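Engineer: Need the 3D shape of this:
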Amino acid sequence: MSDRALQGLDERQLEAVTTLRGPLVVLAGAGTGKTRVITHRIAHGVDTGAYSPGRVMAVTFTAKAAGEMRGRLRALGVEGVAARTFHAAALAQLNYFWPTVAGDTAPGIVDNKVRLLAHAADGMGLEPDTATLRDVASEIEWRKVTMRSIDQYAAVRPNGVGRLEVTQVAELQRAYEKLKDQRRQLDFEDVLLACAGMLEAEPHVAASVHEQYRHFTVDEFQDVSPLQHRLLELWRGDRRDICVVGDASQTIYSFAGADARFLLDFASTHEDARVVRLETNHRSDAAILAVANELMRGRPGALELTAAAVRPSVDGAGELTQPPTVTAYEDDVAEARGVAAQVAARIGAGIDPRRIAILYRAHSQSAELVRALADHGIAATVLGGKRFFDVPEVRQAVMALRGASVAPLD
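Structural biologist: Numbers count the residues shown, from 1 in each chain. Presented below is the predicted three-dimensional model:
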């Protein structure tokens, strides 16, 4: 079984997988096989007897990623590893230790932060709109993951939210916290804060966790927040077997308090840390990687990606028929129109529309893209979601507008 965990790995992947002891940071560029490295490294540790599955904690950022990690480990014959999100791991510990620490069951979890904020605002005589309440909810999340008090928050974010001045935002946050306490509830950020506080205040809880978990792996480390980093350090105690994996160029949660410096500074803040750089991309054409490298060049922690092998393009020539280009637009509408114009030009040049795909980051972008394509007379299929005019709310609005347009005049 040990051989299976080492099969199909390139030289750098093999180096990471076979480094089982001490601090390890794996700088893994896009398409370089980081999930493969994480799971094969854990499996190799178990196969060689270096790790006991029940003493391994592997944390990542989404339930989907944690599920994929567990599935890959099962395929490698490894069961019992605690592969979870930060929140799931913290909540499990709260539910387990809370009865012995507080003599009661753990508090419930807030299911809708915006709704609770609306109740708090109503009690203050405020009537902010839903968009403002959502923004305040995001500010609460940012404040907590950056480990700031409400007064500290007000000092560093003095501009307020929407039509609310910073003093009103601060008071609304206090009212939210008070209402939450009255209902004996925790929000998602509180779960991490409460778990960290419990580990700091209760030595027997910390000792139990340190005894349970001895080997740590953290995926997407570039998106760790100060609160998550603090909790990880409390989980780890004085254990030195920690592997973090990430790519500073793929940081996407800076707006929510993530700090890529935890990844970039790992080697200097952990004595005798080993650094492995995964820069062989197994997914993309060399021309794609050339553009990506040019865009990332000069940024902190940027990796220089190379193609694993020449990949044949659609026409079989071994290269892309058209080099990638980068175009910036002022807003979503302009971007959608620009993309639609390029698609129309390609169709006009004789390219089969069925060979054209538009990839976007968030599904909310699809509406503008479909509308812009329709303006060019181009039909499109939205994969993984409904077309804009097939969304029930949109259909209902269209029906209402049609009804109003044919209603008799008084």
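Engineer: okay, and the helix or strand of the chain with the least pLDDT?
Structural biologist: Every helix and strand of the chain was ranked by mean pLDDT, DSSP states H and E. The lowest is helix 392-406, at a mean of 65.
Engineer: quick one: G33 and R283 touch, right?
Structural biologist: No. Between G33 and R283 there is no contact under C-beta atoms under 8 Å: 9.3 Å. To be clear about C-beta, it is placed using only N, CA and C from the backbone, and glycine gets the same treatment.
Engineer: now the stretch 151-300 of the chain, which segments are flagged as low pLDDT?
Structural biologist: Applying pLDDT under 70 to the stretch 151-300 of the chain picks out no residues at all.
Engineer: G33 and R283: which has the busier surroundings?
Structural biologist: G33 (22 against 14; other C-beta atoms under 10 Å).
Engineer: A helix includes L383, no?
Structural biologist: No. Assignment of L383 by DSSP: H, G, I helix; E, B strand; the rest coil gives coil, placing it outside any helix.
Engineer: Please tell me how far it sits from A362.
Structural biologist: 14 Å (C-beta to C-beta, to the nearest Å).
Engineer: again, but for A102
Structural biologist: For A102, the distance to A362 - C-beta to C-beta - is 40 Å.
Engineer: Same question for A207.
Structural biologist: Remark: distance between A207 and A362 (C-beta to C-beta) = 44 Å.
Engineer: Look at those two and report which has more neighbours.
Structural biologist: Neighbours per residue, other C-beta under 10 Å: of A207 and A362, the larger number sits with A207, 12 against 6.
Engineer: Can you give me every residue that contacts the residue nearest the centre of the chain?
Structural biologist: Centroid-nearest residue in the chain: F61, 5.3 Å away (criterion: C-alpha atoms, centre = their mean). Residues counted as contacts of F61 (C-beta atoms under 8 Å, 6 or more residues apart in numbering) are 85-86, 219-220, 223.
Engineer: give me that answer again for 10 Å
Structural biologist: F61 is in contact with 85-87, 218-221, 223-224, 228, 252-253, 258, counting by C-beta atoms under 10 Å, 6 or more residues apart in numbering.
Engineer: So it versus S225, what's the distance?
Structural biologist: 10 Å.
Engineer: which residues are common contacts for these two?
Structural biologist: With C-beta under 10 Å, 6+ apart as the test, F61 and S225 both reach 86, 253, 258.
Engineer: The second one touches E220, doesn't it?
Structural biologist: Yes. Using C-beta atoms under 10 Å as the test, Y253 is close enough to E220 to be in contact (8.9 Å).
Engineer: Among those two, which residue is more densely surrounded?
Structural biologist: Legend: neighbour count by other C-beta under 10 Å for Y253 and E220, higher for E220 (23 against 16).
Engineer: That one and V245 touch, don't they?
Structural biologist: Yes. Here E220 reaches V245: they are 7.4 Å apart, a contact under C-beta under 10 Å.
Engineer: which residues do the two both contact?
Structural biologist: Joint contacts of E220 and V245 (C-beta under 10 Å, 6+ apart) are 28, 34, 60, 263.
Engineer: List only those of the residues you listed flagged as buried.
Structural biologist: 28, 34, 60, 263 (16 or more other C-beta atoms under 10 Å).
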